[in-house]
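**Q** Take a look and give me a structure for this.
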Amino acid sequence: MPSSCDEKIPRIEHHQNNSDVSITICGYWSLNSRERLRLLRRWESLVLQWKDVLRFEIKCDESLVWDSSLVVFLRNANRDLSVNGGQVVFLDLPAGLNKLLNLADEGQKRNKEQKQDPPSDGFLSMEALLKPLDFLGALVISFLNLVRGRSVMRWRDFFASARNCSASALPIVTLISFLTGVTMAFVGSVQLEKFNATIYVADLVSLAMVREMGALMVAIIMAGRTGAAFAAELGNMNLNEEIDSLETFGICSVSFLVLPRTLALFVMTPLLTIYADIVGILGGLLVGTLVMGFSALHYLEQTQSALTDMWEVYSGVSKSLFFGLIIGFVGCYKGVFSGRDSASLGKSVTSAVVISVTLIIIADAFFETAFSLLELR
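**A** The predicted structure follows:
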């Protein structure tokens, strides 16, 4: 048995009395210690010698200096000594060390419960209805705290999310919007040519883009691109217990992780919608000038006359605000409440895209119905 416990290396002292073993942890326990590997090999040999021991008492020396490496060692020691039915008792542990061990045990117990009794995915279950409402309430409170200047949200996270939601999405938004405008122009020209009214293709493309297709296509793109990315990112953090760590340190995960991402989508989706409207109109202009033989000036004048009522533009942009909120909320919700394994993470990402697109279509139908009723009045 070592003669001294105050050397600046990690040490284990033990004393066996029949079927009981007393273990004392002493020295300097540090992640950077070069003696850790040697000590772990010695520990493995000791565990083999104690197969028939019924009770273990583990305590810490008063001069002990420790970091997180000791927490990991004690958890593994408890597991190793309990394999053969031995009882492990911790005595006189430092207060901070005791709290960390209890927190780790609670997290392990929660993970086992989730694996044994996975949450119900029933559409009409009470939990499925109340958890989103609770999450939405936490998001609203976080936004109000931001307005009051009491939020823990980092603005650099907001700008990073805004860049991923806007500049990084421009290539795919440009391609889809341009081809949408081209497709509508071709389809419209075939039907309008029967009435010798092909010039109204400009009206068809411009009104469809600014009122419906621009906002809808951008929302679907962002749901499949950004919403899925949010769900995967936060789901991976949940898988690695990083979200639990934030809550342990008293940091609100909704304010710190969810609010900047949702706010970025809320701001950037309308801007992308306006950009998509312009690109879609240019796609119709290309068909009108190259296929139908209109001059660019004539086509643009017809487009301008169709958009004299700015309400058409405002209606599409206002819808995109809500679409951005839906995508951000669903993506972050599915990420935060994903399971603790890779299979659950994949399901959460897929579910985030499916639910986002479904809610976007439902919201779009609701808005169109409401706008049509307002126009009739």
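**Q** and the next element down the chain from the helix or strand of the chain with the lowest mean pLDDT?
**A** Across the helices and strands of the chain, mean pLDDT, DSSP states H and E gives its lowest value to helix 95-116, namely a mean of 67. Using DSSP states H and E, the next helix or strand after helix 95-116 towards the C-terminus is helix 126-147.
**Q** Which positions within that following helix qualify as buried?
**A** Within helix 126-147, the residues scored as buried using 16 or more other CB atoms under 10 Å are Phe135, Ala138, Leu139, Ser142, Phe143, Asn145, Leu146. For every residue, glycine as well, the C-beta is placed using N, CA and C.
**Q** can you check stretch 301-311 too?
**A** By 16+ other CB under 10 Å, the buried positions in stretch 301-311 come out as Gln302, Thr303, Ala306, Leu307.
**Q** Now render those residues as JSON lines, adding pLDDT.
**A** Conversion of the buried residues of stretch 301-311 to JSON lines gives the following (pLDDT from 0 to 100):
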{"residue": "Gln302", "pLDDT": "87"}
{"residue": "Thr303", "pLDDT": "86"}
{"residue": "Ala306", "pLDDT": "84"}
{"residue": "Leu307", "pLDDT": "84"}
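**Q** Number of residues surrounding Leu179?
**A** 14 (other CB atoms under 10 Å).
**Q** which residues touch it?
**A** Listed by CB atoms under 8 Å, 6 or more residues apart in numbering, the contact partners of Leu179 are Gly283.
**Q** pLDDT of the helix or strand harbouring it, averaged?
**A** Assigned by DSSP H and E, Leu179 belongs to helix 170-192. The average pLDDT within helix 170-192 is 90.
**Q** elements contacting the next helix-or-strand element following that helix?
**A** Sequence-wise, the next helix or strand downstream of helix 170-192 (DSSP H and E) is helix 201-208. For helix 201-208, the packing partners by 3 or more CB pairs under 8 Å, 6 or more residues apart in numbering; DSSP states H and E come out as helix 170-192, helix 259-290, helix 296-306.
**Q** Okay, angle between the shortest one and helix 170-192 too, please.
**A** For helix 296-306 against helix 170-192, the angle by axes from the mean of the first three to the mean of the last three CA atoms, to 10 degrees is 90 degrees.
**Q** Name the residues that touch helix 296-306?
**A** With contacts defined as CB under 8 Å, 6+ apart, helix 296-306 is touched by Ile199, Tyr200, Ala202, Asp203, Val205, Ser206, Leu207, Ile281, Gly284, Leu285, Gly288, Thr289.
**Q** my read: the third one touches Leu286, true?
**A** In this case it means Ala202. No - with contacts counted by CB atoms under 8 Å, Ala202 stays clear of Leu286, the gap being 12.0 Å.
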